[in-house]
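Trainee: predicted structure and sequence below. I'll ask about it afterward.
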Amino acid sequence: MATRHDTAAPPVKEGGAAPGRPPAEPTEAEQRHRARLSRRWQRDKRWSPYAFVSPFFLLFLAFGLFPLVYTGWASLHQVEMTAPTDMTWVGMRNYTRIFDDDFFWNAAKNTLTIGIISTVPQLLMAMGLAHILNYKLRASTFYRVAMLAPYATSIAAASLVFVLLFGRDYGMINWALHFVGIDAIDWQNDKWPSQFAVSSIVIWRWTGYNALIYLAAMQAIPQDLYESAALDGASRWKQFLHVTLPSLRPTILFTVVVSTIGASQVFGEPLLFDANKGASGGAEHQFQTLGLYLYEQGWVNQHLGRASAIAWTMFLILIVIGIVNYVISRRLRASS
Amino acid sequence: MEPEDAVPTARKVRRPKSARAGGQMHGGPVAYIILGVFTIVSLFPLVWTAIAASRDNNRLAQNPPPFVFGSNLFHNLDVAWNDANLGKAFVNTTIVAGTSAATIVFLSTIAGFAFAKLRFRGRGALMLIVIGTMMVPPQLSIIPLYMMVAKLEWTDQLQSVILPSLVSAFGVFFMRQYLIQALPDEIIEAARVDGASSWRVVWHVVFPAARPAMAVLGMLMFVQTWNDFLWPFLVLSQTGNPTVQVAVAGLGRGYTPDQSLIMAGALLGTLPLLLVFAIFGKQIVGGIMQGAVKG
């Protein structure tokens, strides 16, 4: 800001010359006017980029960064929902409290397993689908739109339908399974089946979306890479391994990071999959995720300080995952 | 003049990519079978929602589950509509999703334009911050936001849902990617030489050139905000002043919930977006794919 006038001064002469229309006999007033216009123009050119990006950053500061930092601050205090402005410093006690709580570790484990059994099959299937969609196909737009339809469906609506489909006594899935000789599975109350059912909602909603992202990246791969690979005698499978996959590496990394963040926060699906619509994630917490545990501590038990500690723990876990991701991707790049 | 030129140029730049799009090999029967299975899996829960909504609760508690439509659809829709206060929820959600989508599109376009075409000190670092913000989970901010809302006594009021949803890092990134290729530098320079101010350039050059991308981003953000669940669920009550998702989630409560009514509510909550999808599906697919390719 301090140098603004100094730097604005020299361009005045340049600006006066730039239009390339030498005026006949400019009076002194006209010259002053022109210089002022030109100065304004220069100033506009210099500062307008900041004007264009500042709304984003101001809103992000107010609704993203400030709350993030404040959550960290609140996690070191005892704060109750009943009096959110009364904050008593307790240091790390909220953290030791939740780490001593078996339900925290249960929720962390559930989040991890639900994350893995929803993300891994989802991304693998999306990759396969993208590969198929990359062929020349009849009605290819139709498949793409149909596959993306679950993305337009809300968590609320999808979860409610899946509760019915996974019903123990009259659910469609158990009914279909009895034809292949499998006895009725209690999808809501048994640990693994319920986690699988919750994951299936996530998989259903996001597979098509990820397939489209992979497809877009595949279509950006130059065709001559495949041609030269084919000339070298590489089979279709070899081409996929040695041309497609390496080219997709940044995209794969991107989808892994985004899905990991999504999986760490799964909330609506387990909340609505619970028959009692409670925050415990099933009668024995069998599918309570960290997101649900946070909600239970903060909004049901009304301990906002403790909920903040859970939120920050989730954040730190994500940062660790991000660093691991980065290291792995660098190793991969170095080895290839 | 210039704006009119900008759009066809943009298309010309992109065309070679889509000409390459289909790949070279034709898909065999196996490809069609796999795609067919996935299409059915994708659409079946939606169709079955409608079937379940057209039955009554007793029929849903029988084996085999119903596969064809019954006669109760309109009755169930009517009851669900009134029970869940869906009329108000629809108005609310339209206001919320419309306001956020419009604001996000506007702010993302001007910020994306600055990042794509203007030189300024700190551009690279600021763009990195934008991308970095995509990695911050929104769940981390809900507690202070909730405390703010409680303090301002905004519980159950729409502004508490709208305000935090006015920015999107994805939107900035998306518009930047589009404008880099769709807006030739010469047009901006020409407007500049003619003495246009930055706002005139944005209004008369950038907005017309960005119109297709703005439409797609608007639809994506509308869909996303319409489906938002966690934050509206925390600050809005389920019957007082809900959004559609909050109202639909509330349908499952009670001791003996009527499943056909729940399905009718779920159907009503999903139908508007499915209609948007049926009409603009191709553009939305194109938009997601375009946002995915990084420069």
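Mentor: Looks like it arrived, so ask away.
Trainee: enumerate the positions of stretch B:71-82 that are buried.
Mentor: Buried residues in stretch B:71-82, counting neighbours by 16 or more other Cβ atoms under 10 Å in any protein chain shown, are found at B:72-73, B:76-77, B:79-81. Using the backbone N, CA and C atoms, a C-beta is placed for each residue, glycine as well.
Trainee: please apply the same query to stretch A:26-41.
Mentor: Across stretch A:26-41, burial judged by 16+ other Cβ under 10 Å covers A:34, A:38-39, A:41.
Trainee: which member of those residues is positioned nearest A:Val320?
Mentor: Closest approach to A:Val320 among the buried residues of stretch A:26-41 (Cβ to Cβ): A:Trp41, at 50.0 Å.
Trainee: is the helix or strand harbouring that closest one anywhere near chain B?
Mentor: Element membership for A:Trp41 (DSSP states H and E) is helix A:28-60. Yes. Counting by Cβ under 8 Å from any Cβ of the partner chain, chain B has neighbours in helix A:28-60: A:37, A:41, A:44-46, A:48-53, A:55-57, A:59-60.
Trainee: how about the buried residues of stretch A:26-41 in TSV, adding pLDDT?
Mentor: Formatted as TSV, the buried residues of stretch A:26-41 follow (pLDDT from 0 to 100):
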residue	pLDDT
A:Arg34	84
A:Ser38	82
A:Arg39	84
A:Trp41	81
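Trainee: could you tell me which residues make contact with A:Ala229?
Mentor: Contacts for A:Ala229 (Cβ atoms under 8 Å, 6 or more residues apart in numbering or on different chains) come out as A:238-239, A:242-243.
Trainee: apply 10 Å and report the result again.
Mentor: Applying Cβ atoms under 10 Å, 6 or more residues apart in numbering or on different chains to A:Ala229 gives the contacts A:235-236, A:238-240, A:242-244.
Trainee: then A:Asp44?
Mentor: Shown in contact with A:Asp44 (Cβ under 10 Å, 6+ apart): A:51, B:192, B:196-201.
Trainee: picking up where we left off before, closest one to A:Ile321 out of the residues of helix A:28-60 next to chain B, please.
Mentor: The closest of the residues of helix A:28-60 next to chain B to A:Ile321 turns out to be A:Phe60 (Cβ to Cβ; 22.5 Å).
Trainee: ok, that closest one - how many residues close by?
Mentor: 20 (other Cβ atoms under 10 Å in any protein chain shown).
Trainee: let's see the pLDDT reported for it.
Mentor: A:Phe60 is assigned 91 on the pLDDT scale.
Trainee: now do the same contact list for it.
Mentor: If you count contacts by Cβ under 10 Å, 6+ apart, A:Phe60 has them with A:66, B:129-130, B:133, B:136, B:166-169, B:172.
Trainee: that older thread, switch the buried residues of stretch A:26-41 over to a markdown table; also include distance to A:Val161.
Mentor: Output for these, formatted as a markdown table (distance: Cβ to Cβ, whole Å):
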| residue | distance to A:Val161 |
| --- | --- |
| A:Arg34 | 69 |
| A:Ser38 | 64 |
| A:Arg39 | 64 |
| A:Trp41 | 59 |
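Trainee: sorry, back to before: out of the buried residues of stretch B:71-82, which comes closest to chain A?
Mentor: For those, the residue nearest chain A by Cβ to the nearest Cβ is B:Ala80; the value is 11.5 Å.
Trainee: nearest residue to residue 90 in space, please, no chain neighbours.
Mentor: Just going to use chain A. Sequence neighbours aside, A:Gln78 is the residue nearest to A:Val90 in space, at 5.0 Å (criterion: Cβ to Cβ, 6 or more residues apart in numbering or on different chains).
Trainee: please go with chain B instead
Mentor: B:Val244 (6.2 Å).
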